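Peer 1: Structure here, sequence nowhere to be found:
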């Protein structure tokens, strides 16, 4: 990612601020606070190894931000969440993770289609996509990539909103739709197998 990345710039500012709470981050970034929080929360899952306990907690935070984006455009945090502190060490860990990921997509990110990002319909679609993907991410599934697959869509939507990149947001929303479609196909196939299974028929 280029040196002018807003996300990396804000992350570096957090390192200078010392210990900071999630509430302070939300207040500092105002309208961008909810996508920034979601982006920070999804970074640990941008790798194939699942983190069941952490995914449930951070997934819930992202779900709230998705609802906030779709409904009011403002961060949604409980009082307890607002008081969660991020030490410089934790922020530094996030920064290192971000710097490892961003070079792979830095060539893709740039400011474009800002006027479309202000439309209510896009915010609703992006918010609902975050809620859906975060709900799946929060499931305690001990399967390889069970956190990583939904995290991809969350990452693109949040990064696109933060960097004012309409294309990235569109890719993230499209990914969520494709993910939902593939899940429905998989579910139907599994249901058909269970219905036609001799083991299933023996007990039911």
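Peer 2: Perfect, thanks for sending it. It should be emphasised that the depicted structure is a prediction, and the values quoted were computed from it without experimental measurement.

Peer 1: quick one, helices of the chain?
Peer 2: Using DSSP state H, the helices of the chain run over residues 6-17, 22-29, 33-42, 52-71, 79-82, 88-105, 114-117, 120-137, 148-162, 166-196, 198-203.

Peer 1: The third one packs against which elements?
Peer 2: Think helix 33-42. When contacts are defined as 3 or more C-beta pairs under 8 Å, 6 or more residues apart in numbering; DSSP states H and E, helix 33-42 sits against helix 6-17, helix 22-29, helix 52-71, helix 120-137, helix 148-162. Heads up, the C-betas are built off the backbone N, CA and C, glycines and all.

Peer 1: Could you find the closest non-adjacent residue to the residue most central in space within the chain?
Peer 2: The centre of the chain sits closest to residue 154, judged by C-alpha atoms, centre = their mean, with a distance of 3.1 Å. Leaving aside its sequence neighbours, residue 154 sits nearest to residue 42 (C-beta to C-beta, 6 or more residues apart in numbering; 4.6 Å).

Peer 1: Identify the residues contacting that neighbour.
Peer 2: Residue 42 makes contact with 58, 62, 137, 151, 154-155, 158, according to C-beta atoms under 8 Å, 6 or more residues apart in numbering.

Peer 1: For residue 107, state which of those is nearest.
Peer 2: residue 155 (15.9 Å; C-beta to C-beta).

Peer 1: Tell me, how many residues neighbour residue 107?
Peer 2: 9 (other C-beta atoms under 10 Å).

Peer 1: what do you get for residue 147?
Peer 2: The burial count for residue 147: 27, using other C-beta under 10 Å.

Peer 1: And residue 57, by the same measure?
Peer 2: With other C-beta under 10 Å as criterion, residue 57 counts 13.
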